[in-house]
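dropping a prediction and its sequence here:
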Amino acid sequence: MKVISDCIKTVYDKSKAVEHYLSTSRRDGVKVQWEEPFSCSVFQQAIAPYSKSKTEKLQVLDVGSGTGDGYVLLSSLLSEKLELGSSENLDYLGIDISPQMVETANNLYRNRSNVRFECADIRTSRLESSFDLYLSCGVPYSHLTHEELYQALKMIVTNVCQHRSRSAVVVDVLGRYSIEWTPKWQESRWDYAMSFFESEGNAEPTWMSFYSHHHLQEIMQQAVNEVGCPVEKFEFFDRSIMVGRHTSTGQFNPDLPQYRNLMNSLLDPSQKTDLSQLIFQVELETSPEHILEFFSQFSSWWNSLVSEATAILGESFGVEPVELPPEVQGFKAKLQQELEQISDKHLYRQKVELMLAQALQQLEATQQPGYGVGHDLFGVMWLDATQL
């Protein structure tokens, strides 16, 4: 695999970013047990049509690879899902605009011959090899303007056509309608301060682009139309609707309950969580009707699950019960069954909190609409240029 690269100066302090990505505190309970499994589920769907035999390599280009999170997730996925191929037959190239990121990543994985990182700018680099998967995670494409995203995708689609390949393209961006930044819902590009990069003080603002699924699909469709590449399908996925990092920082919506901290508390057996804080009563801004309708429905499901758990603990929040989606129906009955074997009050509370966290995670994972209502919006397009 080869990329002809053209590195340029980054728009934010990459040394701080490297420190952030290598920090052990970054991988909190939500990231490990909620966000990473969801990302892997998206990657699994992306590569499922291209499952490889034990002798074939899955060729992957990871755009905005940072210190290699995409490789870790993908290799662990292939190790668990053997029907998709083998992690040993993964041929992975990560590209990033930051020399510091690339150097760090190459040092981390220097003993793995099938993994390498190069300094390259997706806006100006030329691809010379064919890839089965064009991966992205960590919202690298949101650093680009909308026009730059179009040009980057056009270059990728052109490469697919030139090699007459069948490929999946995963585009990870910031969701426009996340509850983390409701005051910014009317804007599609604004100065986003990555405050979680800083252990102390305030981070410098970085202009970032935010997307609804309609806008993202429009740009993706424009790119394939311009090149003339056949599209098998598009799909969109929302990640971290309720637990994005800025529900903790309050950077853009200071009145928002700290849902991520609360979820981490539910997942931590040493903590006792104030369940009343989990009730979803977020004041939403003016937005398209389908966005408001989604949050109205989703909040009723979320609050109903919280209410069922608190009722078992002898508390009541006066939440109106609603019919839950099939994936989380029977939560209260399952919880009561588990609790029958527990007499210790502390363990009883732990079990309630853990099972509530699992139910809320299942609710979000199965009912996300792919509208751009989470911290991340994944857009996936499957291209088939084999008949060109």
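That came in fine, so what should we check first?

excluding residues flanking it in the chain, which one is nearest residue 240?
residue 375 (3.9 Å; CB to CB, 6 or more residues apart in numbering). From N, CA and C alone the C-beta is placed, and that goes for glycine too.

which residues are in contact with that neighbour?
By CB atoms under 8 Å, 6 or more residues apart in numbering, the residues touching residue 375 are 174-175, 178, 180, 239-241, 243-246.

ok, it to residue 325 distance?
Here residue 375 is placed at a distance of 22 Å from residue 325 (CB to CB, to the nearest Å).

list the contacts for residue 75?
87, 90, 92.

quick check: phi and psi on the nearest residue to residue 213 once chain neighbours are set aside?
Take residue 213 and drop its neighbours on the chain: the residue closest to it by CB to CB, 6+ apart is residue 236, 4.2 Å away. Taking degrees, to the nearest 10, you get phi -130, psi 150 for the backbone angles of residue 236.

now the strands for the stretch 151-300 of the chain?
With DSSP state E, counting those that start in this stretch as the criterion, the stretch 151-300 of the chain has strands at 166-175, 189-193, 205-211, 231-239.

give me the contacts around stretch 310-317.
With CB under 8 Å, 6+ apart, stretch 310-317 has contacts from 275-276, 279, 303, 306-307, 332, 335-336, 339, 349, 352.

quick one: buried residues of that stretch?
Residues of stretch 310-317 classed as buried: 310, 312 (neighbour count, 16 or more other CB atoms under 10 Å).

could you do stretch 317-330 as well?
Those would be 319, 324, 328, for stretch 317-330 by 16+ other CB under 10 Å.

can you redo those residues as TSV with secondary structure, pLDDT and distance to residue 165?
TSV is the format used below for those (DSSP: H, G, I helix; E, B strand; the rest coil; pLDDT from 0 to 100; distance: CB to CB, whole Å):
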residue	secondary structure	pLDDT	distance to residue 165
319	coil	89	51
324	coil	97	43
328	helix	97	40
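
between the strands of the stretch 151-300 of the chain, which one is nearest to residue 123?
strand 205-211 (13.1 Å; CB to CB).

chain center to the closest one: distance?
Mean-position distance between strand 205-211 and its chain equals 16 Å (CA atoms, centre = their mean, to the nearest Å).

what's near enough to touch residue 319?
For residue 319, the contact set (CB under 8 Å, 6+ apart) comprises 279, 303-304, 306-307.

swap in residue 135?
Contacts of residue 135 by CB under 8 Å, 6+ apart are 43, 46, 60-63, 70, 74, 170.

quickly list what the closest residue to it other than its chain neighbours is bridged to.
Using CB to CB, 6+ apart and skipping the chain neighbours, the partner closest in space to residue 135 is residue 62 (4.4 Å). Beta-bridge partners of residue 62, counted by DSSP bridges, are residue 94, residue 135.

for this structure, what spans make up the helices?
Under the criterion DSSP state H, the chain carries helices at the ranges 14-22, 29-30, 36-47, 69-80, 99-108, 146-162, 213-227, 246-249, 259-267, 289-312, 331-339, 345-367.
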